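Q: Here's a sequence, model it:
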Amino acid sequence: MNTKSLTVRLLQIGASLFIGLNSSLAIADTYPSKPIKAIVPFAPGSTTDQIGRAFAAKMSETLGQPVVIENKPGANGLIGADFVAKAPADGYTILIGTNSTNAALKSLVKNLPYNQDTAFTPIGYFGSAPLIVAINNDVPAKSLNGFVSLAKANPGKMTFAYASTSQRVSSEMLASFADIQMTGVSYKSGPNAMTDLIGGQVNMFTSDFGVSLPQVQSGKIRGLAVTSLKRSPVIPELPTVNEALGIKGYELIAFFAAFGPAGMPKDTVLKLNQAINNAAKSKDLVERLSANGFETQAGTPEALGQKIKLETTKWAKAIKEAGMQPE
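A: Below you'll find the model as predicted:
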């Protein structure tokens, strides 16, 4: 090849690289160019669903494209999480994840269909909320201490409902701290479990504020305590579990965040993170969700990644101390 031909060839290669680079940048600049699917791994009406829909609506305003919620409930969130883990990493399928899907399942399921530590890209943190310990109105106990006494007098006869990891672990932890035996009853969704608690099919349900607070306030069930270290300003008359039982160290907070499949483009992650942070700082969203005990908190994808590592260790410890075995 002569010098002239070599020069022409090098120019062609350079032009191709330039076009390819600009095409990649153009793709990044135009994201999102179509609706984004946000998978909620729990049922419609659940707290995760309520929080996911509130954030999705606000994120749409920043991104200029609809963020469409799709519910894929079942197996404590595993079904929805697995769907996202195996989706294309293009930013058009994300997970509204929780402590169940992104911290605790690793310690509860022997053979997860994905590697919890590597299957997801952390995108953005939404916030957290405590749970309310509540019982059916016909249970003859007016306090958590009274319920514990009933459970001690009837080992294994008191039942508790759960539809998520936080709901199950909180009840198992309570049983461990109070040295009582209860029987767990699994439900596909929090609203279904709440229906059975109101109807008396189960005795106790420790659930997210979004599901339980309206029922406690309307008198359909009896609230006994909150699972945080401090009383909730939303329902300050309820003591903490620690106060109610005269113990220390009981705390269980549910958190919510967005994740994508592993390997998402950095620019895409940052655009989604900005939309989430804008939502978390939105006055009307904060006011709406704080009424359900939810506290928003903006943050970076890196901070969420570090939080997930800490939460995974924390939940593994809580699950072990509650005497729960992987299934």
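Q: Just give me the neighbour total for the residue nearest to V67 when sequence neighbours are not counted.
A: Using CB to CB, 6 or more residues apart in numbering and skipping the chain neighbours, the partner closest in space to V67 is A56 (4.0 Å). Bear in mind the C-beta positions are built from the backbone N, C-alpha and C, glycine included. Residues near A56, counting by other CB atoms under 10 Å, number 21.
Q: Would you check that A56 makes contact with A38?
A: Yes: here A56 reaches A38: they are 5.3 Å apart, a contact under CB atoms under 8 Å.
Q: Give the residues shared as contacts by these two.
A: Common neighbours of A56 and A38, counting by CB atoms under 8 Å, 6 or more residues apart in numbering, are V67, V68, I69.
Q: what's A262 in contact with, if anything?
A: Neighbours of A262 in contact, by CB under 8 Å, 6+ apart: A85, A89, T118, A119, F120, T121.
Q: let's go with 7 Å and repeat that
A: Listed by CB atoms under 7 Å, 6 or more residues apart in numbering, the contact partners of A262 are A89, T118, A119, F120, T121.
Q: Number of residues surrounding the fourth one?
A: The number of residues packed around F120, counting by other CB under 10 Å, is 27.
Q: Can you flag which of the shared contacts of A56 and A38 belong to strands?
A: V67, V68, I69 (DSSP state E).
Q: Quick check: beta-bridge partners of the second one?
A: Going back to what we said before, that points to V68. Beta-bridge pairing of V68 under DSSP bridges involves K37.
Q: Hmm, it is touching K37, no?
A: Yes: the criterion here is CB atoms under 7 Å, and V68 meets it with K37 at 5.6 Å.
Q: Quick check on the two: which one has the bigger neighbour count.
A: K37 (17 against 12).
Q: I figured the more buried one was touching E70, is that so?
A: Yes: look at K37 against E70 with CB under 7 Å: they come within range, at 5.6 Å.
Q: Between these two, which contacts overlap?
A: Counting by CB under 7 Å, 6+ apart, no residue touches both K37 and E70.
Q: Give the phi and psi angles for the residue nearest the centre of the chain, as a check.
A: A centroid search over the chain (CA atoms, centre = their mean) returns T98, at 1.8 Å, as the residue closest to the centre. Here is the backbone geometry of T98 (degrees, to the nearest 10): phi -140, psi -180.
Q: Specify the strand with the largest residue count in this protein.
A: Counting by DSSP E, the longest strand found in the chain is strand 120-136.
Q: partners of that one, with directions?
A: Here, using DSSP bridges, strand 120-136 pairs with strand 204-208 (antiparallel), strand 221-226 (antiparallel), strand 253-261 (antiparallel), strand 295-296 (antiparallel).
Q: C-terminal to the second one, what's the next element?
A: In the C-terminal direction, the helix or strand that comes right after strand 221-226 (DSSP states H and E) is helix 241-245.
Q: Which helix or strand lies directly C-terminal to the longest strand of the chain?
A: helix 144-153.
Q: May I have whichever helix or strand comes after that next one as CSV, with CA atoms only?
A: Following helix 144-153 in sequence order, the next helix or strand is strand 159-162 (DSSP H and E). What follows is strand 159-162, C-alpha atoms only, in CSV (Å, rounded to 0.1, in the frame of the first residue of the first chain):
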residue,chain,number,x,y,z
THR,A,159,-50.5,-16.3,64.3
PHE,A,160,-48.8,-13.5,62.5
ALA,A,161,-49.2,-12.5,58.8
TYR,A,162,-46.4,-11.5,56.4
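Q: Could you list every helix and strand in contact with strand 159-162?
A: Contacts defined by 3 or more CB pairs under 7 Å, 6 or more residues apart in numbering; DSSP states H and E place strand 159-162 against helix 165-178, strand 183-186, helix 190-199, strand 204-208.
Q: Can you tell me the strand partners of that strand and which way each runs?
A: Strand 159-162 pairs in its sheet with strand 183-186 (parallel), strand 204-208 (parallel), by DSSP bridges.
Q: Most tightly packed of the ones you listed?
A: strand 204-208 (a mean of 29; mean count of other CB atoms under 10 Å).
Q: Now do that one: distance to the chain's middle.
A: 15 Å (CA atoms, centre = their mean, to the nearest Å).
Q: who's in contact with the helix or strand just after that strand?
A: Moving toward the C-terminus from strand 204-208, the next helix or strand (DSSP H and E) is helix 209-217. Helix 209-217 is touched from outside by 46-47, 50, 129, 132, 134, 190-191, 194, 198, 221, 223, 234-235, 292-294, with contacts defined as CB under 7 Å, 6+ apart.
Q: do stretch 267-280 as well
A: Stretch 267-280 has contacts (CB under 7 Å, 6+ apart) with 28, 31, 55, 58-59, 62-63, 91, 94, 121, 123-124, 126-127, 258, 285, 296-298, 300-301.
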